[in-house]
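# okay, predicted coordinates and the sequence, questions at the end:
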Amino acid sequence: MTQRPLRDFVVEMTRLVERETGEAALFGAARPLLADLLRDRHWLPEAFATTGARYQQYLLHCDPLQRFSLVSFVWGPGQATPIHDHTTWGLLGILEGAETAQRYARDDGLWHPVGDEDRFEPGDIDAVSPGIGDIHRVSNARADRASISIHLNGGNIGAIDRHIFDPETGAERPFRSGYTSDVVPNLWL
C-alpha cells in the first residue's frame, strides 16, 4: 500500500490554503482534490478504517498551522451522529458504502429537519459551513456493513468547540469531537 494519494492531497491542499482564504474559492479548488482522493480506497490504511462501538473519527492529517484537517469517518451498521454543527467549512466525501444526511434549522426554539434527507454514495461530496448551513445529522445508510467518508475541514476539527443539539428540547451542548486514535498515517511510505 502506498500513501502517495494521501501525500499528494496534503501537498496540493497545503498549496491551496497558502494562496486562498475565501470559502467559495477553497470549496471550488478543494472539491476536485477530494474527488481524486475518493477514487480509490487502497491508500487508506486499515488502522484508519476500523469500526467501533460508535462511529470513529481518525485524523489523517492536520496542517501545522491548523488551516485544514483531513479525517476518515468510519461508520458501523446503524451508527449515526447526533444533530451537530461544525463552526467551520467542510467538504465531506464518501469513500466506501453510503451515508445519509439530514439538515436542521431552529424554529420556535426547537430543531426541525430542513428539506429531504440526502443520500450520498461513493464519490459524492457534500459541503457544510456556517454560511451555507452546517447543522445536520449523519448516519450510515447501510444496515449490513460499514461505510467510510473522508472529511476535509477548515481548522483542526477535533479541537474546535462545536455544539450538539437536542431536537426535542432545543437545548445545545458544547463538545469537541477529538480523534479516535493518537497516531496519523505516515505520508512517506
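Sure, I can see it.
# in contact with residue 90, which residues?
127-129, 134, 151-154, 157 (C-beta atoms under 8 Å, 6 or more residues apart in numbering). Glycine gets a C-beta too; all of them are placed from N, C-alpha and C.
# tell me the pLDDT of residue 188.
Looking at residue 188, its pLDDT stands at 84.
# for the residue nearest the centre of the chain, give me its contacts.
The centroid of the chain falls nearest to residue 151 when counting by C-alpha atoms, centre = their mean (2.8 Å). The neighbourhood of residue 151, defined by C-beta under 8 Å, 6+ apart, consists of 70-73, 90-93, 157.
# that older thread, how about the contacts of residue 90 in TSV, adding pLDDT, distance to residue 66 and secondary structure?
Formatted as TSV, the contacts of residue 90 follow (pLDDT from 0 to 100; distance: C-beta to C-beta, whole Å; DSSP: H, G, I helix; E, B strand; the rest coil):
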residue	pLDDT	distance to residue 66	secondary structure
127	97	20	strand
128	97	18	strand
129	97	17	strand
134	94	18	coil
151	98	15	strand
152	98	13	strand
153	98	10	strand
154	97	9	strand
157	98	10	helix
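# will you turn those residues into a markdown table that also has distance to residue 186?
Putting the contacts of residue 90 into a markdown table (distance: C-beta to C-beta, whole Å) gives the following:
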| residue | distance to residue 186 |
| --- | --- |
| 127 | 29 |
| 128 | 29 |
| 129 | 31 |
| 134 | 31 |
| 151 | 20 |
| 152 | 20 |
| 153 | 22 |
| 154 | 24 |
| 157 | 21 |
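# what's the closest of the residues you listed to residue 39?
residue 152 (15.1 Å; C-beta to C-beta).
# burial count for the residue nearest to the closest one when sequence neighbours are not counted?
Distances taken as C-beta to C-beta, 6 or more residues apart in numbering place residue 91 nearest to residue 152, at 4.6 Å, with adjacent residues excluded. Using other C-beta atoms under 10 Å, the number of residues around residue 91 comes to 23.
# now the helices: where do they sit in the chain?
For the chain, the helices defined by DSSP state H occupy 4-19, 23-38.
# got the angle for the last one vs helix 4-19?
If I follow you right, that is helix 23-38. 170 degrees (axes from the mean of the first three to the mean of the last three C-alpha atoms, to 10 degrees).
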